[in-house]
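Engineer: Show me how the following folds:
(one chain, ligands or ions: 1)
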Amino acid sequence: MNEQAPEMPTDSPPSGFLWGAATSSYQIEGSPLADGAGPSIWHRFAHTPGRVLNGDTGDIACDHYRRWREDVTLMASLGLNAYRFSVAWGRILPEGTGRVNQPGLDFYRHLVDALLEQGIEPMLTLYHWDLPEALDARGGWASDASPGWFADYARILYRALGDRVRLWITLNEPWVITAGGYLFGDLAPGHRSQSETPIVAHNLLRAHAAALASGRAEGIERIGLAVNLEPQYPASPLADDIAATARRDAFINRWFLDPVFFGRYPAEMEAIFGTAWPEYSASELDALRAPPDFIGVNYYSRSVVRADPTEQPVGARRVRQDARPHTAMDWEVYPQGLTHILAWIQGRYGNPPVYITENGAAFDDPPPVAGRLHDRQRVAYLRSHLRAASRALRRGVDLRGYFAWSLLDNFEWSYGYAKRFGLVRVDPVDRQRLIKDSGRFYRDAIRRYEGRA
Ligand SMILES: CO[C@H](O)c1c[n+]2c([nH]1)[C@H](O)[C@@H](O)[C@H](O)[C@H]2CO
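Structural biologist: Sure thing, here's the model as predicted:
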């Protein structure tokens, strides 16, 4: 079979379907302190010895802050009609609040205008993990004031770009912000506190609600929330494994979506956090009800779950499926899980509009040969997951778009540059871009799906 043939189901997507790629500010921009920008918690975290593999930092990353025109041209050459990126809060508000840094606003305005000139729809994520260091010094997301800081920051961007950006996302993955940054400590700011964790989660939900409200006041109509979703499957029919699976499903998949849609936390949360779980009044819970205009689904893999009291706080652990393919992140390749999780959203939350805002895979790519990079595993991953998305469409899921993670090989958080997700290779020395076979495949798939092939 020809590796390059998109070989897709031919059912065409709904009209206006978005075909994009996604990135985030700290992972691609570089120049973290340029033109008056203030440092983020990731600037500090990456410069803290031992926090990031090989001591990698985002000081240069993909040098997108200086190469953004070239990258927009690259997106157009791939046939993208959308691009998801995030804004670095510290470029807009160097101290997190107060003084606005105009060169920071100008950078994003120029990027958005260049995208629109190429017919590429911008999808702007307000927060993708790079909190201004100045706000972390004031308590960060554990501070009761954090929702207000976030709403004020969002309002500045709504006013500056609301006339040209139509798709907004408040937070990228509140679960990862909370669990990575405050419970397990592998992400900035690197806390490991079971008591702080529910407080941070609650403030993130309040922040999402506050940014949604400030967007409504500015006439912004399409504001979403991007969540990492991972379908959970019991390892056996044993009652303990079934119960452990339900707890892990609540912990990963329902912790944030239930409050924004239903104004309540999953019942399992109190059992998971025990005495660390705060008491909330009915009005505090109802204040979390802030249904987004769309859900951004970040899907990578599934979990098969076994009860394990030694794995706290959930008392459950993932059972590796050795017989199945895995990515370089050791995540099982399981495209069926994408269809399942999209159908789950459809049934649980009333079939809201959905974008797949991240889907992709890290593999140890072969070196380029004669100007080509044959990343066959990533081509296979994309093909199988586009098919899975197509099956969800056939089930009536209101799927509006697909964003591959990621446009470029980039800074993969605590893994630094050791894990590469890009459709486009970024040379580690000179940052030259090279479209991989997966980028060519995606381009051809877009043409095929859109009936232009
Ligand atoms: C468990 O995977 C999460 O859903 C997830 C995976 N990923 C993410 N979230 C983040 O949104 C990106 O910044 C990462 O670069 C990307 C790849 O690791």
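Engineer: What is the burial count for the residue lying closest to Arg372 once chain neighbours are set aside?
Structural biologist: Counting by Cβ to Cβ, 6 or more residues apart in numbering, Arg372 lies nearest to Asp437, which is 6.9 Å off, once chain neighbours are set aside. For glycine as for every other residue, the C-beta is placed from the backbone atoms N, C-alpha and C. Asp437 is flanked by 18 other residues according to other Cβ atoms under 10 Å.
Engineer: Ramachandran coordinates for Asp437?
Structural biologist: Main-chain torsions, Asp437, degrees, to the nearest 10: phi -60, psi -30.
Engineer: Please report how far it lies from Arg447.
Structural biologist: 16 Å (Cβ to Cβ, to the nearest Å).
Engineer: Hmm, Val369 and the residue nearest to Arg372 touching each other?
Structural biologist: No. Counting by Cβ atoms under 8 Å, Asp437 does not reach Val369; the two are 11.2 Å apart.
Engineer: Near the ligand, which residues of the stretch 251-400 of the chain are found?
Structural biologist: Within reach of the ligand by Cβ under 6 Å from any ligand atom, the stretch 251-400 of the chain has these residues: 298, 300, 358.
Engineer: My read is that the second one contacts Ile356, right?
Structural biologist: Spelled out, it's Tyr300. No. Counting by Cβ under 8 Å, Tyr300 stays clear of Ile356, with 10.8 Å between them.
Engineer: tell me the contacts of Thr178?
Structural biologist: 141, 197, 200-201, 204 (Cβ atoms under 8 Å, 6 or more residues apart in numbering).
Engineer: Repeat the analysis, applying 7 Å as the threshold.
Structural biologist: 197, 200-201, 204 (Cβ atoms under 7 Å, 6 or more residues apart in numbering).
Engineer: same thing with Ser86?
Structural biologist: Taking Cβ under 7 Å, 6+ apart, we find Ser86 in contact with 24-25, 125, 128, 172.
Engineer: Next, the buried residues of stretch 443-453.
Structural biologist: 443-446, 448-449 (16 or more other Cβ atoms under 10 Å).
Engineer: Equivalent analysis for stretch 335-344, please.
Structural biologist: Across stretch 335-344, burial judged by 16+ other Cβ under 10 Å covers 335, 337-344.
Engineer: Restricted to helices, list those residues.
Structural biologist: 337-344 (DSSP state H).
Engineer: just to revisit the earlier point, quick check: strands, which of the residues of the stretch 251-400 of the chain next to the ligand are part of them?
Structural biologist: In this view, those that belong to strands under DSSP state E are 298, 358.
Engineer: Can I get the buried residues of stretch 443-453 in a markdown table including distance to the ligand and secondary structure?
Structural biologist: Shown next, in a markdown table, are those (distance: Cβ to the nearest ligand atom, whole Å; DSSP: H, G, I helix; E, B strand; the rest coil):
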| residue | distance to the ligand | secondary structure |
| --- | --- | --- |
| Arg443 | 22 | helix |
| Asp444 | 24 | helix |
| Ala445 | 21 | helix |
| Ile446 | 21 | helix |
| Arg448 | 26 | helix |
| Tyr449 | 24 | helix |
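Engineer: Between all of the residues you listed, which two are separated the most?
Structural biologist: Using Cβ to Cβ, the pair of those lying farthest apart is Arg443 and Tyr449, separated by 11.2 Å.
Engineer: For the residue in the stretch 201-350 of the chain positioned nearest to the ligand, give me its contacts.
Structural biologist: Relative to the ligand, the nearest point of the stretch 201-350 of the chain is Asn228 (3.1 Å; Cβ to the nearest ligand atom). Residues near Asn228 by Cβ under 7 Å, 6+ apart: 173, 175-176, 298.
Engineer: can you do 10 Å?
Structural biologist: Applying Cβ atoms under 10 Å, 6 or more residues apart in numbering to Asn228 gives the contacts 172-176, 179, 252-253, 256, 296-300, 357-358.
Engineer: for Asn359, same thing?
Structural biologist: With contacts defined as Cβ under 10 Å, 6+ apart, Asn359 is in contact with 22, 297-300, 335, 338, 381-382, 385-386, 388-389, 402-405.
Engineer: how about 8 Å then?
Structural biologist: 298-300, 338, 385, 389, 402-405 are the contacts of Asn359 under Cβ under 8 Å, 6+ apart.
Engineer: same check, this time on Asn253
Structural biologist: Applying Cβ under 8 Å, 6+ apart to Asn253 gives the contacts 227, 229-232, 341, 344.
Engineer: Closest one to Asp106 out of those, please.
Structural biologist: Closest to Asp106, out of all of those and judged by Cβ to Cβ, is Val227, at 31.0 Å.
Engineer: The host helix or strand of Arg66 - contacts with which helices or strands?
Structural biologist: Here Arg66 sits within helix 64-77, counting by DSSP states H and E. Helix 64-77 is packed against helix 102-117, strand 433-435, with contacts defined by 3 or more Cβ pairs under 8 Å, 6 or more residues apart in numbering; DSSP states H and E.
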